[in-house]
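Asker: What shape does this take:
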Amino acid sequence: MSGLAEYFANNRYKPTWFIGDRVFGKFGRVPFVGTVGNDTVISEREGPRVSVFLDLPITVDKKLCHIIFVKPADLKQLKQMDL
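Answerer: Residues are numbered from 1 along each chain as shown. A predicted model of the protein is given here:
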């Protein structure tokens, strides 16, 4: 079993974002704020992607979206604001 664990530790994608991280960014030209659901690689051709659960829905192609998929590099961490 240690051989398999070593393989995945050395050769597979390591996530940048973790479940529950608060993030913001732009989807196309639309700014958004949300919570990370998952950071994974579905296919080697597409590369890594992050699912983000939005605080407020946005319209994409005339459809209302509550969840979007973005590249990890397109996100920034949302820091806590004291009000």
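
Asker: Distance check, the residue lying closest to residue 16 once chain neighbours are set aside against residue 59.
Answerer: Excluding the flanking residues, the one nearest residue 16 by CB to CB, 6 or more residues apart in numbering is residue 72, at 4.3 Å. Where C-beta positions appear, they are placed from N, C-alpha and C, glycine not excepted. Per CB to CB, to the nearest Å, residue 72 is found 24 Å from residue 59.

Asker: Can you give me the neighbour number for residue 51?
Answerer: 17 (other CB atoms under 10 Å).

Asker: Could you verify my assumption that it touches residue 38?
Answerer: Yes. Using CB atoms under 8 Å, residue 51 is in contact with residue 38, at 4.8 Å.

Asker: quick one on the thing from earlier: ok, the residue nearest to residue 16 to residue 41 distance?
Answerer: Distance, residue 72 to residue 41, by CB to CB: 10 Å.

Asker: Give me the more crowded residue out of the two.
Answerer: Per other CB under 10 Å, whichever of residue 72 and residue 41 has more neighbours is residue 72, with 16 against 12.

Asker: Now do the same contact list for that one.
Answerer: Contacts here follow CB atoms under 8 Å, 6 or more residues apart in numbering; on that basis residue 72 touches 15-17, 39, 48-50.

Asker: thinking again about what came up before, which neighbours do residue 72 and residue 41 have in common?
Answerer: Residues touching both residue 72 and residue 41 by CB under 8 Å, 6+ apart: 48-49.

Asker: And residue 79, how close does it get to residue 21?
Answerer: Taking CB to CB as the measure, residue 79 falls 11 Å from residue 21.

Asker: Next: residue 47.
Answerer: 19 Å.

Asker: if you count what's nearby, which of those two comes out ahead?
Answerer: residue 21 (18 against 12).
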